[in-house]
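Chemist: Return atomic coordinates for the entry below.
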Amino acid sequence: MQAVQQIDLFGEVENETKTIEEAAVSAGVSTATIRNWVKTGYLESAGRGSVTVESLEYFKKEVAGKEKLNARANKSLKDEHNHDFVIESVAQKLAEDGVDFLTLGEFYEGSLSNSYRNKEGIYYTPSDIVSDLFSSTKLDLSKATFCDPCCGAGNFISQALKLGFKPENVFGYDIDPTAIEITKERIKRETGYPSNNIHTIQVADFLHEVVYSGSKQFDCIYTNPPWGKKLDKHTKEEYGRALQTGSSLDTCSLFFFACIESLKEEGELGLLLPEAFFNIATYEASRRKALHYSIERMIDYGKPFKGLVTKAQAITLRKTSNNILSSVSCGNSKSSFSRSPGSFAENPKAIFNLYCDDADAEVLLHVFSLPHITLKNRAKWGLGVVTGNNRKFISSETSNGLMPVFKGSDIFNGGLKKPSAFIPKDLSLYQQVAPRELYEAQEKLIYKFISSKLSFFHDTEQRFILNSANLLISAPDFPLTPKALADLLSSDFMNWIFLKLFNTHKILRGDIECLPIHSEYIAPTYFRENELLEQLGIEKKPNGTFRIKR
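Modeler: So this is what the prediction gives:
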């Protein structure tokens with residue numbers, strides 16, 4: 001296989017790797033099967049508990065169904081969901097007296113196969129989250145209209161009815177006829193409103209309706225939109241142009257803009273979304289759109305969905321102009337604190353770092369207000385070697401023709417473990433490599449990719465790395481030496497900034513390029529954290545946090 005030069009491997013793409021659990025959902029198999037495919041060399045490991053997306057997509061496209069796998073693997077790749085059987089089972093349960101609709105919704109969701117749920121982005125919302133989301137509504141519910149554009153089995157609609165929305169003013173859309181039937185019957189049983197009059201609950205694609213037919217206008221929209229539903233590129237781009245979403249073309253963004261379009265002035269919107277919506281550059285246009293309005297709450301609900309390790313977070317807003325004197329309630333369902341909306345607008349990429357309080361935000365604003373530069377357009381970047389088959393190419397012992405290669409787990413601040421992996425020197429063997437001259441640069445920085453902590457090492461021995469590590473080479477005219485830059489990026493202060501802004505387990509190039517480098521206050525050839533803090537007017541507290549000196 002010819003080596004493929006890296007063109008743009010460090011853009012803000014959240015799914016450069018997937019956890020074992022995410023890969024299992026994507027492939028519609030068990031986590032044990034994913035681990036087995038890693039062991040047998042079908043999938044490329046990207047550090048503890050993760051695989052590379054490249055190897056997963058290549059496997060699903062080129063291997064599954066073509067190469068002869070073991071019986072367990074072949075069986076697990078199939079969509080085992082029997083739609084006819086599930087529909088029949090739901091119909092039988094609907095005919096029963098005293099049916100528990102919450103249990104029925106859980107039964108129906110549980111009957112959907114992993115591959116089907118992944119394709120459609122289906123994750124039904126737990127009732128406690130639905131209830132908490134609604135807690136901030138301030139509408140006159142006896143007159144207001146409510147809509148759930150992705151109503152599923154009706155959890156949001158049921159809560160809206162309990163709160164006082166009239167059934168004739170409640171609207172719902174979903175592309176799943178079975179889910180719609182559950183919701184209609186649920187309304188009938190809970191309110192006595194005749195099912196033949198429930199014309200407001202429709203089998204329909206809300207996005208398609210908004211883009212091509214123009215949407216109705218609602219006073220209140222609460223929903224959990226599909227997370228990463230698979231749409232073809234043409235459809236996503238067409239929806240994006242119509243809704244003016246910019247580069248945000250994920251279904252979460254598309255639904256966000258469609259909901260804003262469908263919301264009356266003074267109306268309320270509440271969305272349950274993946275964590276990426278709040279901190280990944282791809283969603284920047286969505287966040288900036290939200291900042292036009294009065295954001296009222298941002299809530300972290302942790303990881304409520306079985307088999308999905310992504311955090312679920314929510315935003316509620318009112319469709320009125322943003323008031324700079326207002327405050328945003330941030331936190332989780334148990335505790336909260338207030339933030340000014342301007343503190344989010346001033347963040348790089350308008351990151352919604354809802355886990356930071358106002359004191360943290362004040363420090364970030366102060367740090368970014370002082371003269372600084374960044375690494376954007378001031379460095380070359382490279383990815384470690386993607387072998388395409390670790391089992392085949394990586395040896396744990398050295399021998400003739402092999403060279404040492406370092407993993408992300410080998411890197412720690414200011415140090416590097418002894419190599420435990422060795423690969424053939426011929427780079428043309430591998431699935432993807434950076435240009436050789438980047439690996440063989442006289443000086444470069446290598447750093448962990450799968451990590452929640454910045455760990456950079458100044459390499460002067462032309463070491464090669466695997467793709468669980470990345471590299472950067474600062475420009476010749478960069479005001480700091482590579483060693484000083486490595487020490488700065490690995491410092492407690494820079495790690496604190498990174499945590500408070502991004503709070504991720506992946507060290508993305510786009511995030512590193514946002515970090516402030518106060519080169520005017522740093523000696524060109526060495527870095528001392530205490531000297532920089534003194535210049536910035538910042539003090540380090542005993543608990544490890546940082547505050548402005550008073």
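
Chemist: Work out the gap between the top helix by length along the chain and the centre of the chain.
Modeler: If you go by DSSP state H, the chain has its longest helix at helix 177-191. Centroid displacement of helix 177-191 relative to its chain, using Cα atoms, centre = their mean, to the nearest Å, is 32 Å.

Chemist: Using neighbour counts, pick out the buried residues of that helix.
Modeler: Using 16 or more other Cβ atoms under 10 Å as the test for burial, helix 177-191 gives T178, A179, I180, E181, I182, T183, K184, E185, R186, I187, K188, T191. From N, CA and C alone the C-beta is placed, and that goes for glycine too.

Chemist: Skip the chain neighbours and tell me the closest residue to the last one.
Modeler: Right, T191. P167 (4.7 Å; Cβ to Cβ, 6 or more residues apart in numbering).

Chemist: wait, what's in contact with the one you found?
Modeler: Going by Cβ atoms under 8 Å, 6 or more residues apart in numbering, P167 touches L161, I187, T191, Y193, I198.

Chemist: about what we covered before: for the longest helix of the chain, C-alpha coordinates in CSV please.
Modeler: This file holds the C-alpha atoms of helix 177-191, laid out as CSV (Å, rounded to 0.1, in the frame of the first residue of the first chain):
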residue,chain,number,x,y,z
PRO,A,177,-45.0,5.4,12.3
THR,A,178,-44.8,3.0,15.2
ALA,A,179,-43.5,5.7,17.5
ILE,A,180,-46.2,8.1,16.3
GLU,A,181,-48.9,5.5,17.1
ILE,A,182,-47.5,5.1,20.6
THR,A,183,-47.6,8.9,21.1
LYS,A,184,-51.2,9.3,19.8
GLU,A,185,-52.5,6.5,22.0
ARG,A,186,-50.6,8.0,24.9
ILE,A,187,-52.3,11.3,24.4
LYS,A,188,-55.7,9.6,24.2
ARG,A,189,-55.2,7.5,27.4
GLU,A,190,-53.7,10.4,29.4
THR,A,191,-56.2,13.2,28.4
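
Chemist: Please produce CSV containing the buried residues of helix 177-191, extended by distance to S336 and pLDDT.
Modeler: Compiled in CSV, the buried residues of helix 177-191 are given as follows (distance: Cβ to Cβ, whole Å; pLDDT from 0 to 100):
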residue, distance to S336, pLDDT
T178, 37, 83
A179, 32, 85
I180, 35, 89
E181, 38, 85
I182, 33, 83
T183, 31, 88
K184, 36, 89
E185, 37, 83
R186, 31, 85
I187, 32, 90
K188, 37, 87
T191, 33, 90
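
Chemist: In TSV, list the residues you listed along with distance to L375.
Modeler: Formatted as TSV, the buried residues of helix 177-191 follow (distance: Cβ to Cβ, whole Å):
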residue	distance to L375
T178	51
A179	47
I180	51
E181	55
I182	52
T183	50
K184	55
E185	57
R186	53
I187	55
K188	60
T191	58
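
Chemist: Can you name the two of the residues you listed that sit furthest apart?
Modeler: T178 and T191 (20.9 Å; Cβ to Cβ).

Chemist: And what about the nearest residue to T251 once chain neighbours are set aside, helix, strand or coil?
Modeler: Distances taken as Cβ to Cβ, 6+ apart place K229 nearest to T251, at 4.3 Å, with adjacent residues excluded. Three-state call for K229 (DSSP: H, G, I helix; E, B strand; the rest coil): coil.

Chemist: quick one: K229 and S253 touch, right?
Modeler: No. Using Cβ atoms under 8 Å, K229 is not in contact with S253, being 11.6 Å away.

Chemist: which residues of the stretch 201-350 of the chain score low on pLDDT?
Modeler: Applying pLDDT under 70 to the stretch 201-350 of the chain flags the ranges 307-309, 324-325.

Chemist: hey, where'd the helices end up in it?
Modeler: 206-213, 233-243, 251-261, 276-279, 284-290, 341-345 (DSSP state H, counting those that start in this stretch).

Chemist: now the stretch 351-500 of the chain
Modeler: 358-369, 390-393, 436-439, 482-489, 492-501.

Chemist: V211: which of the ones you listed is closest?
Modeler: Of the helices of the stretch 351-500 of the chain, nearest to V211 by Cβ to Cβ is helix 492-501, at 33.9 Å.

Chemist: And the contacts of the closest one?
Modeler: Helix 492-501 is contacted by residues 279, 347-348, 351, 353, 355-356, 360, 363-364, 367, 452-454, 488, 511, 514-516, 529, 532-533, 538, 540, 544-546 when judged by Cβ under 8 Å, 6+ apart.

Chemist: Now the element after that helix, going C-ward?
Modeler: Per DSSP states H and E, the first helix or strand lying C-terminal to helix 492-501 is helix 509-512.

Chemist: Pull that next one out as PDB, backbone CA atoms only.
Modeler: Taking C-alpha atoms only, helix 509-512 is exported to PDB below (Å, rounded to 0.1, in the frame of the first residue of the first chain):
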ATOM      1  CA  ARG A 509      -5.000  20.800  16.700                       C
ATOM      2  CA  GLY A 510      -7.700  23.400  16.500                       C
ATOM      3  CA  ASP A 511      -7.900  23.700  20.300                       C
ATOM      4  CA  ILE A 512      -4.100  23.900  20.700                       C
END
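
Chemist: Buried by neighbour count: which residues of it qualify?
Modeler: Buried residues in helix 509-512 (16+ other Cβ under 10 Å): R509, G510, D511, I512.

Chemist: by contact count, what packs against it?
Modeler: For helix 509-512, the packing partners by 3 or more Cβ pairs under 8 Å, 6 or more residues apart in numbering; DSSP states H and E come out as strand 469-474.

Chemist: One more pass at 6 Å, please.
Modeler: Using 3 or more Cβ pairs under 6 Å, 6 or more residues apart in numbering; DSSP states H and E as the contact test, no helix or strand touches helix 509-512.

Chemist: gap between that helix and the chain center?
Modeler: On Cα atoms, centre = their mean, the centre of helix 509-512 falls 15 Å from that of its chain.

Chemist: Now do the same contact list for R297.
Modeler: S136, T316, S329 (Cβ atoms under 6 Å, 6 or more residues apart in numbering).

Chemist: between those, which is closest to H208?
Modeler: T316 (25.6 Å).

Chemist: If you count residues, where's the longest strand of this structure?
Modeler: strand 263-274 (DSSP state E).

Chemist: how close does the most centrally placed residue in the chain sit to S215?
Modeler: Among the residues of the chain, the one closest to the centroid is A276, at 2.6 Å (Cα atoms, centre = their mean). Distance, A276 to S215, by Cβ to Cβ, to the nearest Å: 25 Å.

Chemist: Against A434, how distant is I473?
Modeler: Counting by Cβ to Cβ - I473 and A434 are separated by 10 Å.
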